[in-house]
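Novice: no sequence for this one, just the structure:
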């Protein structure tokens, strides 16, 4: 159902009603995802849950504390209905889906202080980094979660990954050893995979996935600065040699002429 938070959520209430009325998708999408099972039409899940035998975690729709049990077997057909509706949205409303995916990227790069699931007990360890992203890299911070903007954080992330990727692929002057290239590729692919999965299948909490990759990003940032410095020094050295060689050649020609 996470996927529907990006895909189905892109549709307006009127659009959802229309595609439900014409039979294209299940009426379960008229209710938000991850609601109590009783909120969904009974015919969409009752047959799967009928005569369920097994542990309570699978057959009971509510936990002992009264909270919804999302492991309940009845959620399987509900989840399948949301998946079909999500694929339908991508096929027939691609631009709206892409706009919703763009919104997921905005949330993905929201500041660390807005990270869902990081409680006070565990936040102290990342507070310095969170303060840095909030005060330096984010141009707009509000109490409303979705209103925050961190354009500079996104720019630094993406540009660093692109520059390091180019440096590794070209490997000018053999600035990377083989083991370094493998490690850097692993870091890049991990960040890219996390970002695409985190934005495509989640909307609202996905910046906590990015927060987990921030240490990898900082390593790549250090690698980029180190390698660019190395390339710059080699260029200066070569320019210096050519410049010195040119001066010596001119002096030699002048002495011969004299």
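Specialist: Sure thing, it's come through. Note that the coordinates shown come from a computational prediction; the quantities given were computed from them, not determined experimentally.

Novice: Every contact and neighbour count from this point should use C-alpha atoms.
Specialist: Will do.

Novice: what sits against residue 85?
Specialist: Residue 85 is in contact with 4, 8, 25, 26, 29, counting by Cα atoms under 8 Å, 6 or more residues apart in numbering.

Novice: Which one of the residues you listed sits in the busiest neighbourhood?
Specialist: The most crowded member of the contacts of residue 85 is residue 8, carrying 30 neighbours; neighbours defined as other Cα atoms under 10 Å.

Novice: who are the neighbours in contact with that residue?
Specialist: Listed by Cα under 8 Å, 6+ apart, the contact partners of residue 8 are 29, 82, 85, 86, 89.

Novice: how close does the third one sit to residue 4?
Specialist: Read it as residue 85. In this structure, residue 85 and residue 4 are separated by 8 Å, where distance is defined by Cα to Cα, to the nearest Å.

Novice: My guess is residue 5 contacts residue 199. True?
Specialist: No - in terms of Cα atoms under 8 Å, residue 5 does not count as a neighbour of residue 199; the distance is 10.3 Å.

Novice: Tell me how many other residues crowd the nearest residue to residue 163 once chain neighbours are set aside.
Specialist: What sits nearest to residue 163 in space, not counting adjacent residues and going by Cα to Cα, 6 or more residues apart in numbering, is residue 224, at 7.2 Å. Residues lying near residue 224 (other Cα under 10 Å) number 19.

Novice: quick one, what contacts the nearest residue to residue 34 once chain neighbours are set aside?
Specialist: Among residues not flanking residue 34 along the chain, residue 1 sits closest, at 7.2 Å (Cα to Cα, 6+ apart). Applying Cα under 8 Å, 6+ apart, one finds that residue 1 lies in contact with 33, 34, 79, 82, 83.

Novice: who are the neighbours in contact with the first one?
Specialist: When you say that, I think you mean residue 33. By Cα under 8 Å, 6+ apart, the neighbours of residue 33 are 1, 2, 4, 5, 82.
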